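Visitor: Need coordinates for the following:
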Amino acid sequence: MSENVVNKSNDESVERKLTVKEFCRRYDMAKTEDTKKQMLEGIIYRKYCPVLEKKIILQTMFDKTIVSSSTGVLHIDHFLSKINMVTASLILYTKLNVKKINSSETTAFDDYDLLFQRNIMNDIWNIIGERELKELLNINELITNNYIEENKTADAYISKYVNSFATTIGLFANEGIQELLKYIDENNIK
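Guide: Numbers count the residues shown, from 1 in each chain. Okay, the predicted model is just below:
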């Protein structure tokens, strides 16, 4: 299956040929507001997304917003979370191709700027509808709250630091054993 075709429920598929950049270029060339409105309506392939599909996409996107600080503490990058909400909306509701530059990078930041500069993202959300957008945001908030709840308890902190300590001690112990074996070998100790 082509990377531009995405399966959706009930064995239907959506072909995603148009990038955000190309859509915005065409949108800018449109002569009338009616043409722009038709273009916007033409890229929306559904106004309701099944809840499990929302959860899977949002959870996957959320997992990418968990970053490690210089001290090794994990936290949510809320800026990235905002960008990911736009990307998730494009994936779940539009025919637009969210382009990957390589295996770990997308055009998400450029897409965000292109869409918000023209107010297109707000128009897309208006077409999808307030109820659906609220549900999407609510599910995203639940996923975020779950992460916070799972990581704020004393048990979570203790477990995190015990695991980190065990890893550090394990590295030193492994290094120490290797040095001991090297010393025994070099000095022919039996």
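
Visitor: can you map out the helices along this structure?
Guide: According to DSSP state H, the chain carries its helices in the segments 20-29, 33-43, 51-63, 78-93, 108-117, 120-128, 130-152, 154-186.

Visitor: Same list, the ones you listed, but as a markdown table with distance to residue 99 please.
Guide: Glycine gets a C-beta too; all of them are placed from N, C-alpha and C. Below are those laid out as a markdown table (distance: least, Cβ to Cβ, whole Å):
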| stretch | distance to residue 99 |
| --- | --- |
| helix 20-29 | 8 |
| helix 33-43 | 15 |
| helix 51-63 | 16 |
| helix 78-93 | 11 |
| helix 108-117 | 8 |
| helix 120-128 | 16 |
| helix 130-152 | 22 |
| helix 154-186 | 36 |
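
Visitor: Please list all residues in contact with the residue most central in space within the chain.
Guide: Central residue of the chain (Cα atoms, centre = their mean): residue 61, 2.2 Å from the mean position. Applying Cβ atoms under 8 Å, 6 or more residues apart in numbering, one finds that residue 61 lies in contact with 84-85, 87-88.

Visitor: So, low pLDDT: which residues of this protein?
Guide: Applying pLDDT under 70 to the chain picks out residues 1-12, 14, 100-105, 153-181, 183, 190.

Visitor: Report the buried members of the contacts of residue 61.
Guide: Using 16 or more other Cβ atoms under 10 Å as the burial test, the contacts of residue 61 include 84-85, 87-88 as buried.

Visitor: Residue 118: which of these is nearest?
Guide: Among the buried ones among the contacts of residue 61, residue 87 lies closest to residue 118 (Cβ to Cβ), at 16.8 Å.

Visitor: If you drop the residues flanking it in sequence, what lies closest to the closest one?
Guide: Nearest non-adjacent residue to residue 87, counting by Cβ to Cβ, 6 or more residues apart in numbering: residue 108, 4.9 Å away.

Visitor: Just confirm the one you found contacts residue 81, I think it does.
Guide: No - checked against Cβ atoms under 8 Å, the pair residue 108 and residue 81 is beyond contact range at 11.6 Å.

Visitor: related to what we said a few turns ago, I'd like to know how many residues surround the residue nearest to residue 87.
Guide: Per other Cβ atoms under 10 Å, the neighbour tally for residue 108 reads 20.

Visitor: And residue 18, by the same measure?
Guide: Residue 18 has 18 nearby residues by other Cβ under 10 Å.

Visitor: ok, now residue 130?
Guide: With other Cβ under 10 Å as criterion, residue 130 counts 9.
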